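Engineer: quick one, structure for this:
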Amino acid sequence: NTRSEKHLATNTETDKEEMRLKLTVRAGQHGAGPATALGWTPSNDLFSAGDDHKIFQLQQNTGEVSEVLDLGAEFFPTRLEWVPAGGSKAALFAVASAEGRIRLVSRAGRVEKAINDAHVGAVIDLRWSYDGTALLSAGEDGVIKLWSRSGMLRATLVQSGSSVYAAAWSPNSDQAVYTCGKSLVVKPLQPSLKTEQWRAHDGVVLCVDWSPVNGLIVSGGEDRKYKVWDGYGRALFSSSLQDHVVTAVKWAPDSTLFAVGSFNTLRLCDQAGWSRCLEKFSAGSVYGISWTADSTRAAVACANGSVAVAHVLDRHIEWGGFEVTNNAPDALQIRNIATNSTETLEFRDHVVKISMGHSKLVVATVTQCLIYTVNSWNTPVMFDLPRESTISLIRQAEKLLLLVDNTDGLQIFNYDGRPCSQPKFPNMRNELFNEFTVALSNDAVAVRDHRDEKIVHLLDTSTGKPLGKPLTHTIDIAAISLNQNGSSLQRQLVVVDKSRDLFITPVMRTQHKLEKLGTMVRSCVWHDKTSMLVALTDSKLVVWYTPETVYTDKAVLGKTKLELDVSEYGKGPTVTAFNGSTIVIRKADGAVLYAAVPPQPNLLLQYVGEKQWAAALRLCRFSKDETLWACLAALASANKELNAAEAAYAAIDEADKVHYIQSIKDIPTVEGRNAAMALFCQQPEEAENILLQAGLVFRAIEVNVDLFRWDRALDLAVKHKTHVDTVLGWRQRYLERSRRKETDAKFLQYAHIEVDWEKIDAKIAQERENERTRPGAKPFV
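Structural biologist: Sure, this is the predicted structure:
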């Protein structure tokens with residue numbers, strides 16, 4: 001009995017996502033003075049600068065260090081920033097100095113532009129915009145300036161009374177956040193827009209970074225804390241008191257992690273702010289942090305002149321009884337939980353991304369993509385990746401996988417390694433794709449627009465071309481997801497907007513109408529095999545067994561869901577997977593919990609998918625659960641299965657709907673019954689199309705009159721040159737009963753047509769007889 005199973009069965013594990021850092025310290029790379037600035041090239045070579053006035057390059061393939069440029073004895077570098085890989089094909093970086101100067105330098109070490117009077121006093125921070133067309137500089141003089149890529153001054157954005165120790169671009173490069181004493185300030189580039197300011201720390205704010213992917217801001221200060229904020233200044237996380245002042249913070253490019261640097265300390269945190277690992281080393285204060293484009297390594301500039309490179313290890317994923325751990329830079333360990341056996345996979349390059357689902361393990365290294373099947377770890381499908389490309393995201397469907405890289409953007413492959421398509425759309429920015437804004441199924445890929453976050457592009461996986469017009473919401477969208485089961489006609493898209501409302505819409509519709517499912521939703525996940533959907537709200541775990549019921553019968557939608565209290569999970573849990581009868585939930589502190597749902601809904605959906613309506617009815621009768629009956633009622637109605645729908649609605653005491661279904665059985669033609677069920681499922685256009693294609697014009701006219709769609713009824717009558725007088729007669733009777741006069745010009749132009757009820761009744765009777773005796777007409781059994 002499912003009623004007795006409606007409880008939350010949880011099992012807390014130790015945090016399996018604890019990571020570790022493999023730290024390599026290159027002591028004294030910049031002599032006795034500090035290393036003050038560093039940055040990775042798009043091809044993942046490391047450039048660093050220090051008080052020895054020199055810029056060095058560390059080749060990652062060979063480990064060799066070579067001098068690139070001598071800046072001169074009067075140039076003390078403070079910051080080094082490379083143009084983003086997606087922003088410019090030319091390799092260029094900017095370096096700033098404590099004397100207020102900026103140099104634009106090519107990869108070969110040639111100074112392309114020298115700006116000698118950029119600021120009065122030190123230039124403390126430099127940031128390229130994400131498209132690489134603008135450079136932001138912040139100085140000791142309290143001024144923030146904007147420069148073109150060629151080094152020409154565009155504007156002075158900020159003039160404040162205190163030094164600006166750090167600044168960062170917003171995700172769309174239309175705002176900047178900067179430090180101002182103990183406060184953070186968000187300044188729009190357009191002067192007419194409002195500036196936001198809030199007190200962020202109890203001491204001076206020393207560092208700040210703004211993620212282009214999740215839109216979150218991380219800051220650190222002299223109060224020995226690091227904090228996470230949203231783009232509006234609302235506090236999301238505040239750390240405990242650290243041992244030392246926080247001197248550097250930096251988001252990884254994929255924004256799943258950020259690094260925090262302080263005296264002799266490097267810490268990795270997830271996007272919720274919780275610490276994933278901590279590394280202690282003797283190198284003094286951390287002056288700067290830079291991540292590789294693939295988010296696997298972070299480089300640290302240290303006060304003792306050392307440059308440290310930290311490789312992130314022990315990244316962990318779990319699927320279908322397998323655990324995969326990135327236990328070495330170029331290796332994965334796979335554990336079969338059922339047998340406790342392990343397998344080690346080694347690669348010629350370091351691992352960049354891993355993903356597992358649908359019985360496939362997908363591994364992206366620096367140069368290759370490898371696809372493993374869970375029952376054959378020795379024979380992967382392999383294909384080469386473009387040179388100097390960096391895979392930032394992998395998404396999987398049952399038959400397809402999607403790769404996102406910084407050069408070619410979206411690429412769809414089958415599991416044989418053959419390319420299927422390369423979808424593109426206007427305003428596409430490869431660095432902004434992430435798991436919340438890209439969704440994949442076998443026949444469709446959904447992508448949130450990068451310029452207008454109210455828009456979702458729906459694209460064909462086989463051709464890469466749009467599936468009709470983009471979906472447009474009224475407010476910005478935070479996350480999207482596609483269901484994985486069924487045909488393309490059953491494809492559903494759910495969106496969570498930034499008001500945390502959950503909506504659903506069919507993908508294969510010319511006009512997308514968003515139907516609201518829930519509110520205050522933090523995260524949601526589709527079931528891996530069926531159309532069930534689970535969402536976490538502020539205090540409840542909600543499972544919609546048949547969310548498509550919102551299209552067919554909203555009145556019973558509330559009866560088709562399961563709600564469980566999860567208030568004890570604390571703040572910020574997320575649902576990560578829904579497989580079989582198990583829901584996987586990750587708490588904000590990293591603990592993994594499991595919630596069990598009854599198995600009967602899953603079994604019911606399998607029966608319906610196989611058209612085993614008798615078995616579905618037996619299951620509901622055995623379970624005696626109203627939720628199952630409501631699900632069957634909605635599913636039977638959508639599939640136009642009258643007997644199952646009648647029994648299900650009777651079981652949940654919907655007498656009016658039972659009566660309507662019984663009346664449908666009296667319709668003599670299959671097409672007429674199907675049209676009536678389409679009307680029952682709130683699909684009048686589909687009902688009309690069914691009738692017109694079957695040649696049942698009179699019934700199509702009658703349907704529109706019953707729905708008070710008088711204009712459409714008259715249009716059909718005129719177009720098919722039949723029953724114009726019938727429509728006019730029904731209209732007259734309607735107006736007489738409501739004591740109104742005709743004012744519609746469309747009907748007034750046919751006022752000369754005589755309304756003879758004897759003739760009309762005779763025609764209607766003849767239409768009924770014609771329908772009853774037409775070929776293929778038969779009573780419902």
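Engineer: work out for me the element Phe747 sits within.
Structural biologist: Per DSSP states H and E, Phe747 falls inside helix 745-748.
Engineer: got the buried residues for the very next helix or strand once past that helix?
Structural biologist: Next in sequence after helix 745-748, counting helices and strands by DSSP H and E, comes helix 757-773. Buried positions in helix 757-773, judged by neighbour count with 16 or more other C-beta atoms under 10 Å: 760, 763, 767, 771. All C-beta spots, glycine's among them, are computed from the backbone N, C-alpha and C.
Engineer: distance of the second one relative to Thr41?
Structural biologist: The one in question is Lys763. Per C-beta to C-beta, to the nearest Å, Lys763 is found 81 Å from Thr41.
Engineer: gap between stretch 114-129 and the chain center?
Structural biologist: Here stretch 114-129 is found 36 Å from its chain centre; the criterion is C-alpha atoms, centre = their mean, to the nearest Å.
Engineer: how about that stretch: buried residues?
Structural biologist: 115, 118-119, 122-129.
Engineer: tell me the span between the first and last residue of it.
Structural biologist: With C-alpha to C-alpha, to the nearest Å as the measure, stretch 114-129 spans 20 Å from end to end.
Engineer: repeat for stretch 92-103
Structural biologist: 10 Å.
Engineer: mean confidence (pLDDT) on that stretch, please.
Structural biologist: Throughout stretch 92-103, pLDDT has a mean value of 95.
Engineer: chain center to that stretch, what's the gap?
Structural biologist: 37 Å.
Engineer: hmm, Gly33 and Ser306 touching each other?
Structural biologist: No. Contact between Ser306 and Gly33 fails when scored by C-beta atoms under 8 Å: they sit 11.2 Å apart.
Engineer: neighbour count winner among those two?
Structural biologist: Set side by side, Ser306 and Gly33 show more neighbours around Ser306, with 22 against 15, by other C-beta atoms under 10 Å.
Engineer: show me the helices in the stretch 501-650 of the chain, by range?
Structural biologist: Remark: helices assigned in the stretch 501-650 of the chain by DSSP state H, counting those that start in this stretch are 549-552, 600-609, 613-623, 626-638, 642-651.
Engineer: how about residues contacting the shortest one?
Structural biologist: Counting by C-beta atoms under 8 Å, 6 or more residues apart in numbering, helix 549-552 makes contact with 504, 506, 515-517, 556-557, 560, 630-631, 634, 637-638, 680-683, all of which sit outside it.
Engineer: ok, 6 Å please
Structural biologist: Helix 549-552 has contacts (C-beta atoms under 6 Å, 6 or more residues apart in numbering) with 515, 557, 560, 634, 637-638, 681.
Engineer: how far does it sit from the chain's center?
Structural biologist: Relative to the centre of its chain, helix 549-552 is centred 24 Å away, using C-alpha atoms, centre = their mean.
Engineer: next one: Val120 relative to Ser162, how far apart?
Structural biologist: From Val120 to Ser162 the distance is 14 Å (C-beta to C-beta).
Engineer: for Arg149, same thing?
Structural biologist: 29 Å.
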